[in-house]
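Participant: Return a 3D structure for these sequence lines:
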Amino acid sequence: MPAVGRYFCRQKLKFTLIFLGLVLIYWTASRITEFNLIDGFRAAPRVITWFFTNLIPDAKAWERFPRILDKLIETIFMSVMATVTAAVVSFIFAVMGSRTTRINTVIGGISRVVASINRNIPIAVWAMVFLLAFGLSGFTGFLALFFYTFGFLTRAFIETIDEASASSVEALRAVGASYPHIITQAVVPSSLPQMISWILYMIETNIRSATLVGLLTGSGIGFMFSIYYKSLQYKSAALVILSLVAVVLTIELISNVLRRLIL
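Facilitator: Here you go, the predicted model:
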């Protein structure tokens, strides 16, 4: 058999084994969890009917809209504050962690490790950790959003600095520029547009995440949804969901326009 034929046979065998492995994993998981996909499809019409019966806001739900709007605004401000605060700290760690601007290898390595740990811990875990320490409060939600955002933005800022400012930094070093001068005259101008884009992206993400964080920490729009859901006031809970979707879409539209303007 020609070499090309043997190669394709090996590839076909590899893909077949991978497919069978995935099927086996799915079958094992469905047996353990007692999940039946066919029953799920059969229940779909009943679920859709229940949605249209119970999740359309009524007059009583709309009376609560001002309070829902207040919590939405609180959630937006919390997300913006957490993101902006994390961005400032992330920039400092990114400058120390970037191969282009790091002071030395040890500090650069520590900055990268700290960012990696924060980035790989899910935001729900951060919320539960701070919930044990600070209890149900808006500050708990702020800390959860801050630490997750810090890890993500530090990593993004490091890559931005490495890609955007390497040549500028080398040029300033060649003429004997000081370290602060390099940061202010090379790193910031060349990296700022992309960094702002990342900050806008995280504001969008955190507004979505703040709902889950609010469910766990008793703050913002997530807590409002939890109250209505647990008290079986589904129509009011539906209004919370619809309001949140409208806000997220609006913020995303504004963010996309701003990103096009700065990039």
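
Participant: Helices of the protein, residue ranges please.
Facilitator: Using DSSP state H, the helices of the chain run over 3-33, 37-54, 59-63, 65-97, 105-120, 123-134, 138-164, 166-174, 179-182, 188-217, 220-230, 234-262.

Participant: Adding mean neighbour count and mean pLDDT, write those out as a markdown table.
Facilitator: No exception for glycine: its C-beta is placed from N, CA and C like everyone else's. Compiled in a markdown table, the helices of the chain are given as follows (neighbours: other CB atoms under 10 Å; pLDDT from 0 to 100):
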| stretch | mean neighbour count | mean pLDDT |
| --- | --- | --- |
| helix 3-33 | 10 | 78 |
| helix 37-54 | 10 | 79 |
| helix 59-63 | 12 | 86 |
| helix 65-97 | 19 | 90 |
| helix 105-120 | 15 | 84 |
| helix 123-134 | 17 | 86 |
| helix 138-164 | 23 | 87 |
| helix 166-174 | 15 | 71 |
| helix 179-182 | 13 | 76 |
| helix 188-217 | 21 | 85 |
| helix 220-230 | 20 | 85 |
| helix 234-262 | 16 | 85 |
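
Participant: hang on, Gly97 packs against Val106?
Facilitator: No: at 11.2 Å, Gly97 and Val106 do not qualify as touching, with contact defined as CB atoms under 8 Å.

Participant: Look up how far Trp198 lies from Leu17.
Facilitator: In this structure, Leu17 and Trp198 are 40 Å apart, going by CB to CB, to the nearest Å.

Participant: got it, and Val84?
Facilitator: Counting by CB to CB, the gap from Val84 to Trp198 is 12 Å.

Participant: Run the chain-centre distance for stretch 250-261.
Facilitator: 17 Å (CA atoms, centre = their mean, to the nearest Å).

Participant: now do stretch 117-132
Facilitator: 12 Å.

Participant: May I have it as PDB, with CA atoms only?
Facilitator: Output of stretch 117-132 as PDB, limited to C-alpha atoms (Å, rounded to 0.1, in the frame of the first residue of the first chain):
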ATOM      1  CA  ILE A 117      -4.400  31.400  39.000                       C
ATOM      2  CA  ASN A 118      -7.000  34.200  39.100                       C
ATOM      3  CA  ARG A 119      -8.100  33.600  35.500                       C
ATOM      4  CA  ASN A 120      -8.600  29.900  35.800                       C
ATOM      5  CA  ILE A 121     -10.800  30.000  38.900                       C
ATOM      6  CA  PRO A 122     -14.400  30.400  37.800                       C
ATOM      7  CA  ILE A 123     -16.300  33.400  38.900                       C
ATOM      8  CA  ALA A 124     -18.800  31.300  40.800                       C
ATOM      9  CA  VAL A 125     -16.000  29.900  42.900                       C
ATOM     10  CA  TRP A 126     -14.800  33.400  43.700                       C
ATOM     11  CA  ALA A 127     -18.300  34.300  44.700                       C
ATOM     12  CA  MET A 128     -18.600  31.300  47.100                       C
ATOM     13  CA  VAL A 129     -15.200  32.000  48.600                       C
ATOM     14  CA  PHE A 130     -16.000  35.600  49.400                       C
ATOM     15  CA  LEU A 131     -19.500  34.700  50.500                       C
ATOM     16  CA  LEU A 132     -17.900  32.700  53.300                       C
END
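
Participant: Touching it from outside, list them.
Facilitator: If you take CB atoms under 8 Å, 6 or more residues apart in numbering as the criterion, stretch 117-132 is touched by 140-141, 143-145, 147-148, 150-152, 154-155, 209, 212-213, 216-217.

Participant: With stretch 155-162 instead?
Facilitator: With CB under 8 Å, 6+ apart, stretch 155-162 has contacts from 90-91, 93-95, 97-101, 111-112, 115-116, 119, 187, 191, 194-195, 198.

Participant: Apply 6 Å and report the result again.
Facilitator: 90-91, 94, 97-100, 115, 119, 187, 191, 194-195, 198 (CB atoms under 6 Å, 6 or more residues apart in numbering).

Participant: Those into TSV, with extra columns for distance to Cys9?
Facilitator: Listed next are these as TSV, based on distance: CB to CB, whole Å:
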residue	distance to Cys9
Ser90	50
Phe91	53
Ala94	48
Gly97	46
Ser98	47
Arg99	44
Thr100	47
Ala115	45
Arg119	41
Val187	52
Ser191	49
Gln194	46
Met195	49
Trp198	46
